[in-house]
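Asker: Just to be clear, the model below is a prediction. Sequence and coordinates:
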Amino acid sequence: HGRSFFTYDRTFGEKSTTKEVYEDVAKGIVQSVSNGLNGTIFAYGQTSSGKTYTMQGSGSLLEGATSGQDVTENGGIVHMAAQDIFNHIEKDPERDFLVRVSFIEIYNEEVRDLLV
């Protein structure tokens, strides 16, 4: 009684690319979001384990977004998700979409809004 059990689907080795992580973990969530469901992509791990790099890519968020047409080159999961969402929207011009996002960081039990 009082015990919690958690499962996970997969671990990735240090040679895994952000694109592989996106395709395996996040793309299905993004497809569900594009169809009207809510979705969360959550990076968890110890300090310096690569969470920010995986989510943001190399450089700043702006640099990842402007790395060229193919965001998989320097962009992170955030860029790949945004590209897929807006590509989906572009393919359905007859439909109205409302896109809302939040980016938060939880560190030492303190929540910080990364969009402020």
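Answerer: Sure, I can see it.
Asker: can you give me the helices in this structure?
Answerer: 18-21, 27-34, 51-56, 61-65, 77-90 (DSSP state H).
Asker: Figure out which of those helices is closest to residue 109.
Answerer: helix 51-56 (16.3 Å; C-beta to C-beta). Glycine gets a C-beta too; all of them are placed from N, C-alpha and C.
Asker: how about the closest one: buried residues?
Answerer: 51, 54, 55, 56 (16 or more other C-beta atoms under 10 Å).
Asker: Could you save the residues you listed as TSV and add columns showing pLDDT and distance to residue 93?
Answerer: Shown next, in TSV, are the buried residues of helix 51-56 (pLDDT from 0 to 100; distance: C-beta to C-beta, whole Å):
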residue	pLDDT	distance to residue 93
51	86	36
54	89	33
55	89	30
56	86	30
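Asker: Out of those residues, flag the one nearest to residue 9.
Answerer: Nearest to residue 9 among these: residue 54, at 15.5 Å, using C-beta to C-beta.
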